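1. pasted the sequence and its predicted model underneath.
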Amino acid sequence: MSTSVERVWLRRALWQLGWTLFLAFFGAVYELFGHEVYSYYMIYAFALPLTLGVLPYVVLARREARLPMRFALQLWDSGVLTLAVGSVFKGVLDIFGTTNSLIAVYPAAGGLLLAAGLALGLKKDKN
């Protein structure tokens, strides 16, 4: 494998790290102005892109793993961010003191996107 493959993995890891830092900052600021009402969904929303985005990409970069098709990576990243946005939305609703039955769409959609990205990423080339 070439170092360009490693660079692609690390670039994707940096992108996820940006989202991780943004969500950590957003959660901290939102909690600061939440009038001492807290939600673990908001506080730990940053952990989703960290554990499902940054860490796997860094491991794959160090192992110099082959790159799957771009669409598989985009599905995976979309799934990670869907779960993170769902966690933030759930946190906002918790802090606001209300509920919404449509919140169940986020974990379902995020899980489907992750599964589709993983299935396409593990698919062997026909060559």
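-> Arrived safely.
2. which parts of stretch 10-19 are buried?
-> Within stretch 10-19, the residues that qualify as buried by neighbour count (16 or more other C-beta atoms under 10 Å) are Leu10, Arg12, Ala13, Gln16, Leu17, Trp19. Where C-beta positions appear, they are placed from N, C-alpha and C, glycine not excepted.
3. relative to Ala61, how far out is the most centrally placed residue in the chain?
-> When the chain is reduced to its mean C-alpha position, the nearest residue by C-alpha atoms, centre = their mean turns out to be Val80, at 2.6 Å. Between Val80 and Ala61 the computed distance is 17 Å (C-beta to C-beta, to the nearest Å).
4. residues in contact with the nearest residue to Leu50 once chain neighbours are set aside?
-> Counting by C-beta to C-beta, 6 or more residues apart in numbering, Leu50 lies nearest to Thr20, which is 4.7 Å off, once chain neighbours are set aside. With contacts defined as C-beta atoms under 8 Å, 6 or more residues apart in numbering, Thr20 is in contact with Phe46, Pro49, Leu50, Gly53, Val54.
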